[in-house]
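Undergrad: Need coordinates for the below:
(chains A, B and C)
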Amino acid sequence: MSLRLWSLIVVVTLGIAAPRAVAEERSIVVASTTSTQDSGLFGYLLPIFKAKTGIDVKVVAQGTGQALDTARRGDADVVFVHAKAQEEKFVAEGYGVKRFDVMYNDFVLVGPKSDPAGVKGKDIEAALKAISEKAAPFVSRGDRSGTHTAELALWKQAGIDIAAAKGPWYREIGQGMGAALNTANALNAYVLSDRGTWISFENRGDLDILVQGDKRLFNQYGVMLVNPEKYPSVKKQLGQAFIDWLTSPEGQAAIAGYKIGGQQLFFPDAEKGS
Amino acid sequence: MRAPTSDLPLVLKGVSLSSGETQILRDLSLAISPGAPTLIVGPNGSGKTSLLRLCMGLVSPSAGRISWGGRTDAMPMRCAIVFQRPVMLRRSAAANVAYALAQARVPDRARGERVAHLLDRVGLADLAERPARRLSGGEQQRLALARALARDPEILLLDEPTANLDPTATRAVEEIVLKAAESGVKIVMASHDLGQVRRLAGDVIFLVRGALRERKLVIDFLDNPSTPEASAFLRGDLVI
Amino acid sequence: MSDQSSAWQLILNGDAVLFAIVRLSLVVSLSAVAFAALIGMPLGALLAFSRFRGRSFLVVLFNALMGLPPVVAGLAVYLLLSRSGPLGPWGLLFTPSAMVIAQTILITPIIAALTRQTIEDLWAEYRDELSAMGVGPVARMMTLLWEARYSLLTALLAGFGRAAAEVGAVMIVGGNIDGFTRTMTTTIALETSKGNLPLAMGLGLVLVTIVLAVNAAAWGTRVWAERQAA
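TA: From the prediction side, this is the model:
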């Protein structure tokens, strides 16, 4: 019995170890946001990239704040998030090499069709003021993500000190975009979402877009290579290859090519010649 | 496989055994020497089982000394024991015996032959591959005997081995024990059955409430008991 | 995996992604059970029949660790395997190996505690016979573990159930990477957060069916084995 048991253990151990040894060679870890994952963008882009370069991109999807933390710990090669101020801080701290614009989309204010706070047709500041005054249920990401950062900035621009003003109507869930939309659906609440995740989200219930097009709802995505000087284990050639492709005409065209139901979700805006 | 050391004579000097508040054995002094079987008799609760466990080294005396072949403060080397309700390992009869041989450090190559020999000796040759837990009470008791004999013991201790067996099974066990005695194994056996005592014994140890009451040859004990407890016991009265 | 298909359609069509996910779930959880058994069973057995100072403390500790929250175990392993952590150079974070490590840590206490209880009960029965046969501590452990094999199978299934069901640990240390560290539970969490609730529920039923199948296989093995020998 014990001989067979040992053989089983050896086989199982090799079975786990072997695939890793192979995949290790041409792969990178990209820490990114839930909006790029949940919208299906990576599912579309990465096979194209792999077909061209043979590089496996392993995406760990977390909120922007957590993604940057992961990179600060040296657990990722590339960071691809959407909170410009946090990204610039990341580079300034020496963790990132350089920040590149990649694409943008916009945020939309989603809420119940019955619109208890009467925000439809208003601009985003007026909408948020109305929600706060009427204490209408509002779901916040609460996770230092790009969307959360943008949401906090918008409250501030609307002249509302949300930390002081929040009451039981303001629900911070500390989770990703999809979870926030699920919660908003269940609570019939308002929520700030990026358009990409919203378009691909299935469980809409009674929710719909109520405020959009305001230029303050602009959402910029950026990509950075984690600094190999801080972490020599960073795969700088492969990581840089990914960044170069994303910002190249080909990569930019691929991003523009991603559509759901005929609608384009992300708009490429890398600087020409970067 | 005769080891140079001997466990005989097995000597108890002033041995007492208590468990918490209860005194199980009181101030026992006796010697067990090579020869005909020694049977231990007495009413229930007289300490027969505890005496056997002491001789096997499974428990230490609370007072007094026990020595095997002149060695004190050591464990017996050439003893084996058969319990009243033996525990079968969850494997075949043959595997049980093989296990006992392995624990007795019999080398792998020699085991197969010895297993067959031992099973034959106890009359279980046809049941070698039967799961031991599926054997009858009598068969299990014989298997326990085979396991004990696998250790090639100098002293074979048995704790009322036939108490739960029918007469046929009892006879089978007694035959094996007698044959072992004939081949030179010292038998020390607790028994509840006076007929069995008469059939098997050379000498008798009579215990009452943990104390040694009589130590005699079997005929002397059965026909001429010296103590009132022994007389009462032999008459079949309850010995309080 | 197409968002529009139901889970059962994916199975019937032999969807490659779904099968890869199922395969990874089984490999990770079964491996964790194997390692946890290797560590936990001898530990539990030794704890059952040894007497030493601090034994009671260890017994209570293992019993308590059965309730170790998976997400805490995951976090601890994450900090250990992170590049900035002590085992960073091994580069194990965000790999299936890390998931196996985290789940092994999670279920070893379960297997150890259940083994201890089973063996302790058995030791009471076997103590005299094994002592009389002069069985030393190591042989004692091996013998008792083998004698208790059917009860211990239940302990293993308890461990497997815990491992297959948890999402906190594998999510944190695996990163839920598409095509690489995505298991059934992390996929269900992902599809839920994408709002694909029917698909998530369907996958949940698939997972339950698989765990049921593993338990049925274990039961069948036991029945077959009992018929063969003791």
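
Undergrad: which residues touch residue 151?
TA: Let's take chain A. A:140, A:141, A:192 (C-beta atoms under 8 Å, 6 or more residues apart in numbering or on different chains). The way it works is simple: take the backbone N, C-alpha and C, and place the C-beta from them, glycine included.

Undergrad: Not quite, go with chain B.
TA: Going by C-beta under 8 Å, 6+ apart, the list of residues near residue B:151 reads B:78, B:80, B:100, B:104, C:133.

Undergrad: Looking at these, which one is closest to chain A?
TA: residue B:100 (19.1 Å; C-beta to the nearest C-beta).

Undergrad: residue contacts, that closest one?
TA: Contacts of residue B:100 (C-beta under 8 Å, 6+ apart): B:146, B:147, B:148, B:150, B:151, C:133.

Undergrad: you'd agree it is in a helix?
TA: Yes - assessed with DSSP: H, G, I helix; E, B strand; the rest coil, residue B:100 lies in a helix.

Undergrad: Quick one, grab the pLDDT at it.
TA: pLDDT for residue B:100: 95.

Undergrad: go on, residue C:189?
TA: For residue C:189, the pLDDT comes out at 91.

Undergrad: Also residue A:1?
TA: Here, the pLDDT recorded for residue A:1 equals 42.

Undergrad: Next one: the residue nearest the centre of chain A relative to residue B:174, how far apart?
TA: In chain A, the centroid-proximal residue (C-alpha atoms, centre = their mean) is residue A:33; its distance is 2.5 Å. For residue A:33, the distance to residue B:174 equals 85 Å [C-beta to C-beta, to the nearest Å].

Undergrad: Could you do residue C:135 as well?
TA: 29 Å.

Undergrad: more neighbours, the two?
TA: Comparing residue C:135 with residue B:174 by neighbour count (other C-beta atoms under 10 Å in any protein chain shown), the higher total belongs to residue C:135, at 20 against 17.

Undergrad: Pull the number of nearby residues for the residue in the stretch 51-200 of chain A that chain B sits nearest to.
TA: Nearest residue of the stretch 51-200 of chain A to chain B: residue A:58, at 48.3 Å (C-beta to the nearest C-beta). Using other C-beta under 10 Å, residue A:58 has 21 other residues around it.

Undergrad: Report how many residues lie close to residue 189.
TA: In the absence of a named chain, chain A is used. 23.

Undergrad: Sorry, I should have been clearer: chain C.
TA: Neighbourhood size, residue C:189 [other C-beta under 10 Å]: 20.

Undergrad: With the one 4 residues further on instead?
TA: By the other C-beta under 10 Å criterion, the neighbourhood of residue C:193 contains 24 residues.

Undergrad: That one and chain B, how far apart?
TA: According to C-beta to the nearest C-beta, to the nearest Å, residue C:193 stands 49 Å off from chain B.

Undergrad: Distance of the residue nearest to that residue when sequence neighbours are not counted relative to residue A:139?
TA: Spatial nearest neighbour of residue C:193, chain neighbours left out: residue A:178 (3.3 Å); criterion: C-beta to C-beta, 6 or more residues apart in numbering or on different chains. Look at residue A:178 and residue A:139: by C-beta to C-beta, they are 12 Å apart.

Undergrad: again with residue B:206
TA: 89 Å.

Undergrad: about what we covered before: what's the helix or strand for the residue of the stretch 51-200 of chain A closest to chain B?
TA: Element membership of residue A:58, judged by DSSP states H and E, is strand A:56-61.

Undergrad: Tell me what angle whichever helix or strand comes after that strand forms with strand A:56-61.
TA: On the C-terminal side of strand A:56-61, the closest following helix or strand by DSSP H and E is helix A:64-72. Helix A:64-72 and strand A:56-61 are oriented at 130 degrees to each other (axes from the mean of the first three to the mean of the last three C-alpha atoms, to 10 degrees).

Undergrad: For helix A:64-72, what is the distance to the chain centroid?
TA: In terms of C-alpha atoms, centre = their mean, to the nearest Å, the centre of helix A:64-72 is found 11 Å from the chain centre.

Undergrad: Among the contacts of residue A:151, show me the least confident.
TA: pLDDT across those is lowest for residue A:141, at 91.

Undergrad: what's near enough to touch residue A:76?
TA: Per C-beta under 8 Å, 6+ apart, neighbours of residue A:76: A:29, A:30, A:31, A:60, A:67, A:70, A:226.

Undergrad: if you set the cut-off to 10 Å instead, what comes out?
TA: By C-beta atoms under 10 Å, 6 or more residues apart in numbering or on different chains, the contact list for residue A:76 reads A:28-32, A:58-60, A:62, A:67-70, A:226, A:231, A:234, A:239, C:83, C:93-94, C:175.

Undergrad: what does residue B:72 give?
TA: With contact taken as C-beta under 10 Å, 6+ apart, residue B:72 is in contact with B:11, B:13, B:65, B:66.

Undergrad: top of those residues by neighbour count?
TA: Tallying neighbours with other C-beta under 10 Å puts residue B:66 at the head of the contacts of residue B:72, with 20 neighbours.

Undergrad: Assumed that residue was part of a strand.
TA: Yes - counting by three-state DSSP, residue B:66 falls inside a strand.

Undergrad: Check whether it really touches residue B:57, as I assumed.
TA: Yes - look at residue B:66 against residue B:57 with C-beta atoms under 10 Å: they come within range, at 8.3 Å.

Undergrad: list the residues that contact both of these two?
TA: By C-beta under 10 Å, 6+ apart, the residues touching both residue B:66 and residue B:57 are residue B:76.

Undergrad: circling back: so what strands line up beside the strand holding residue A:58?
TA: Here strand A:56-61 has these sheet partners by DSSP bridges: strand A:27-32 (parallel).

Undergrad: CA atoms of the strand it pairs with as CSV?
TA: Once non-C-alpha atoms are left out, strand A:27-32 reads as follows in CSV (Å, rounded to 0.1, in the frame of the first residue of the first chain):
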residue,chain,number,x,y,z
SER,A,27,4.5,35.1,-19.4
ILE,A,28,3.9,38.3,-17.4
VAL,A,29,1.6,39.2,-14.5
VAL,A,30,-0.5,42.3,-15.0
ALA,A,31,-2.3,43.8,-12.1
SER,A,32,-5.4,45.4,-13.4
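
Undergrad: From the chain's centroid, how far away is the biggest helix by length in chain C?
TA: Longest helix in chain C, counting residues (DSSP state H): helix C:96-132. Distance of helix C:96-132 from the chain centroid (C-alpha atoms, centre = their mean) equals 13 Å.
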